[in-house]
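>>> I would like the atomic coordinates for the input below:
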Amino acid sequence: MRPRGSVAPALFGAVVVVALTGCGNSGPDVATRPPATAAVSPATANPAGQVYPAAATKALLAERGTARLAALDTAGTTLTLIDPATATTTRTVPLPAAGVSLSQGNPGEVLIAAPNRVIRVDATTGALTELPVDGDVHSVQTRTDGTLVVGTADGTIREIAADGTVTRTITGLISADYIAATGDNITVLDRKQTAVVAVGNEALGLMLRAGDGATNAITDPHGRIIVADTAGGELLVYSAGPLVLRQRFPVLSSPYALAYDPRSELVWVSCTQSNEVVGYDLSTGIGVEVARFATLRQPDAITVDPATGDLFVASATGDGLQRIGATERKAGQ
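Prediction:
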């Protein structure tokens, strides 16, 4: 059966496709740009749902094994574990190095990308362990067999076995800022090249341009890779194996943070220029807006509680943690 949203209409605009046949394509002649960032949000009033006190946050994750929320502060020095049932019951975990991003580890575990290491945090107890890695780690993902795929600031990709052994090293990117693991396929978002790149067994594969300034990406259960083109004001949807751009449509207002709700099968994107979150249905082959809600200021991090469908939005300016309940979202559509 074909996954929902796997067939797209004609693509709008030009897509640059590059075949990378070796590992040395990131020399000084490669065109790059400063990584795009979220827009500076204006003051806001009357955000939807409930707002709870919280530190300024740059990354938010709903850990699937415990249903706890993990929030990484903007300095990257503290992880806060939150019970979503109350959103006020928290455990703070000081980190041994400044974290860059969060990802799902084994069930019950949060992974934090940090300089020269991956930090593993038990989402229940807050206990942490460190896996040494050569390089400034910007991204990490767990494969179905338990191995980790790690990306560093200099564009190196390493696959690391459960015992810590590096089993594969691939170079050639400028930076490895998000890793998408979809089935057997590995795809990397390179913010400096604003491109998504397939990773082969021994070298990089196809590269596709990702808008004018891509910032964040997520995957969904249908194997789609969803990318926020913040500078270009678009949402881009790819499939891997082979790497293909399937959907491309305007979002505007500096789309930045992304989350997927497996219950409603909606993709949520935060718009930092207007302090909103917008929900899209991708099942028809082009994104269809189905809901839009006002958020607190600077909504740079969002996630969905997979158990309840509640949407959480975190402010990067310390304005709090916002919860928009699934029932409230349905009523507001």
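>>> quick check: which element contains the closest residue to residue 127 other than its chain neighbours?
Nearest non-adjacent residue to residue 127, counting by C-beta to C-beta, 6 or more residues apart in numbering: residue 121, 7.4 Å away. Every residue, glycine included, has its C-beta placed from N, CA and C. Using DSSP states H and E, residue 121 sits in strand 109-122.
>>> kindly export that strand (C-alpha atoms) in PDB.
Provided in PDB are the C-alpha atoms of strand 109-122 (Å, rounded to 0.1, in the frame of the first residue of the first chain):
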ATOM      1  CA  GLU A 109      16.100   7.600  27.000                       C
ATOM      2  CA  VAL A 110      16.900  11.100  25.600                       C
ATOM      3  CA  LEU A 111      20.000  11.700  23.500                       C
ATOM      4  CA  ILE A 112      21.800  15.000  23.600                       C
ATOM      5  CA  ALA A 113      24.300  16.100  20.900                       C
ATOM      6  CA  ALA A 114      27.200  17.900  22.500                       C
ATOM      7  CA  PRO A 115      30.800  18.700  21.800                       C
ATOM      8  CA  ASN A 116      32.900  15.500  21.700                       C
ATOM      9  CA  ARG A 117      30.200  13.300  23.000                       C
ATOM     10  CA  VAL A 118      26.600  12.100  23.000                       C
ATOM     11  CA  ILE A 119      24.900  12.400  26.400                       C
ATOM     12  CA  ARG A 120      22.300   9.700  27.200                       C
ATOM     13  CA  VAL A 121      19.800  10.700  29.800                       C
ATOM     14  CA  ASP A 122      17.300   8.400  31.600                       C
END
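>>> and the contacts of it?
For strand 109-122, contacts defined as C-beta atoms under 8 Å, 6 or more residues apart in numbering pick out 61, 63, 65, 70, 72, 76, 79, 81, 93, 95-105, 108, 123, 127-140, 142, 148, 150-151.
>>> buried subset of those, written for PyMOL?
A single PyMOL command selects the buried members of the contacts of strand 109-122 (16 or more other C-beta atoms under 10 Å):
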select buried, resi 61+63+70+72+76+79+81+93+95+97+99+100+101+102+103+104+105+108+123+128+131+133+135+136+137+138+139+140+142+148+150+151
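>>> in strands, which of the contacts of strand 109-122 fall?
Judged by DSSP state E, strands contain the following of those: 61, 70, 72, 79, 81, 93, 101-104, 128-140, 142, 148, 150-151.
>>> right, and the helix or strand after the helix or strand bottoming out on mean pLDDT in the chain?
The weakest-scoring helix or strand in the chain, judged by mean pLDDT, DSSP states H and E, is strand 17-19 (a mean of 39). On the C-terminal side of strand 17-19, the nearest following helix or strand under DSSP H and E is strand 50-52.
>>> and the strands in the stretch 151-300 of the chain?
Per DSSP state E, counting those that start in this stretch, the stretch 151-300 of the chain carries strands over the ranges 157-160, 166-170, 178-182, 185-190, 195-199, 204-209, 214-219, 224-229, 234-239, 244-250, 255-261, 266-271, 276-281, 288-294.
>>> between those, which gets nearest to residue 89?
Between residue 89 and the strands of the stretch 151-300 of the chain, the shortest separation by C-beta to C-beta is 21.7 Å, and it involves strand 255-261.
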